[in-house]
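> model the structure of this input:
(one chain, ligands or ions: 1)
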Amino acid sequence: MNSKQKISVVPAPQVVEGGGFVVRRPFPAHGISYVDPFLLIDEMGPVEYAPGKAIGAPDHPHRGFETVTYIIDGQMEHEDSHGHRGSIRSGDVQWMTAGAGVIHSEMPSQEMLDRGGRMHGFQIWINLPREKKMSQPRYQEYNGGDLPLVEDDGRWIRVIAGEAYGRKSPIETTVPATMLHVKLGPGAEATVPVAAGSNVIAHAISGAGSFEETALTEHNAAILQNSADAVTLRADDAGGLEVLLLAGLPLGEPVARYGPFVMNTMNELERAFEDYRSGNFGEIARAN
Ligand code: FE
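Residues are numbered from 1 along each chain as shown. Here you go, the predicted model:
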């Protein structure tokens, strides 16, 4: 770590969102509206749903950014206004570039609804650069088994985006970005490459250790701005550390956001609402 680096650690307390959704959200909160290019981090759950109690997000729009859903435990089904539908389960990722606009739903699977079960995962919002905000929507979806897994020396790292220990994810990111699910055994350490100048977030899921020599414990997120070309996580000798690590090169552009839309200017934001209201986002075609 170079001496110019500054790390802040923010808490991610569990809060109940509208609709009863339980999340840990390091930001937007505590006066941090975003960490360029990341607009939001939600750790969903972990929560144990009783039969009939699982909840999700019914039809809603997005424009101007990417939503990434990574499931640690559970099952989610999604469908959208471009005829795309799919199911993601433990270990799987869906990387959706909303671009000019989609309407989608993100719901628990019928199986989760019927039987209940554990739900744990992440939803991350990543901003798009000005010239990509109105691009064609795109989906990338991978099963956990198709994402590289690094397992050695007390390290377990699923490479969701970017690379670690020479293993590269098949995900094509719009801005240079890294997303790793890291589990370290007691005293284990991982050093992973990121694009120099990235903003990096180490969201601690469980355990204790350090990020770039700064102490980090579960349910907190360490935020590092303007990184060097690698960062290091370490677990305390007494126990392990589980982290979702995110890194991305900042866009340095103005952010105008409201609800499900993230644009550069207020005018573009108003236009997004008009387009949505007038039906320009289409609708989800359902057979019945
Ligand atoms: Fe959504």
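> helices along the protein, start to end?
110-115, 266-277 (DSSP state H).
> pLDDT on the first one, on average?
By that I understand helix 110-115. Helix 110-115 comes out with an average pLDDT of 92.
> buried sites along that helix?
For helix 110-115, burial by neighbour count (16 or more other C-beta atoms under 10 Å) applies to 112, 113. C-beta coordinates here come from the backbone N, C-alpha and C atoms, glycine included.
> now swap in the last one and tell me
Neighbour counts over helix 266-277 (16+ other C-beta under 10 Å) mark 268, 269, 271, 272, 275, 276 as buried.
> in a markdown table, list those along with distance to residue 38 and pLDDT.
Shown next, in a markdown table, are the buried residues of helix 266-277 (distance: C-beta to C-beta, whole Å; pLDDT from 0 to 100):
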| residue | distance to residue 38 | pLDDT |
| --- | --- | --- |
| 268 | 20 | 98 |
| 269 | 19 | 97 |
| 271 | 24 | 97 |
| 272 | 20 | 96 |
| 275 | 25 | 95 |
| 276 | 24 | 95 |
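> next, format those residues as TSV and append distance to residue 83.
Shown next, in TSV, are the buried residues of helix 266-277 (distance: C-beta to C-beta, whole Å):
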residue	distance to residue 83
268	26
269	27
271	25
272	22
275	19
276	19
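> which pair of those residues spans the longest distance?
268 and 276 (12.7 Å; C-beta to C-beta).
> could you list the low-pLDDT ranges of the stretch 1-150 of the chain?
1-4 (pLDDT under 70).
> of the helices of the chain, which is nearest residue 92?
It's helix 110-115; of the helices of the chain, that one is closest to residue 92 (C-beta to C-beta) at 14.1 Å.
> dump the helices of the chain to CSV, plus distance to residue 209.
Shown next, in CSV, are those (distance: least, C-beta to C-beta, whole Å):
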stretch, distance to residue 209
helix 110-115, 32
helix 266-277, 40
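> tally of neighbours for the residue lying closest to residue 22 once chain neighbours are set aside?
Distance criterion C-beta to C-beta, 6 or more residues apart in numbering; nearest residue to residue 22, sequence neighbours excluded, is residue 47 at 4.9 Å. Neighbour count for residue 47, taken as other C-beta atoms under 10 Å: 19.
> what does residue 133 give?
22.
> that one reaches residue 263, doesn't it?
Yes - assessed by C-beta atoms under 8 Å, residue 133 is found in contact with residue 263 at 6.3 Å.
> who touches both of these two?
Each of 63, 64 lies in contact with both residue 133 and residue 263 under the rule C-beta atoms under 8 Å, 6 or more residues apart in numbering.
> buried stuff in stretch 53-63?
Buried, per 16+ other C-beta under 10 Å, within stretch 53-63: 54, 55, 56, 57, 61, 62, 63.
> next one: stretch 6-13
Neighbour-count burial for stretch 6-13 [16+ other C-beta under 10 Å]: 7, 9, 10, 12.
> can you give me the domain assignment for this structure?
By the assignment in automatic domain parsing, the chain contains the domains 14-143, 147-248.
> adding distance to residue 258 as columns, could you present those domains in TSV?
What follows is these, written out as TSV (distance: least, C-beta to C-beta, whole Å):
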stretch	distance to residue 258
domain 14-143	11
domain 147-248	21
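> looking at those domains, which is nearest to residue 285?
domain 14-143 (6.4 Å).
> end to end, how far does that closest one reach?
28 Å (C-alpha to C-alpha, to the nearest Å).
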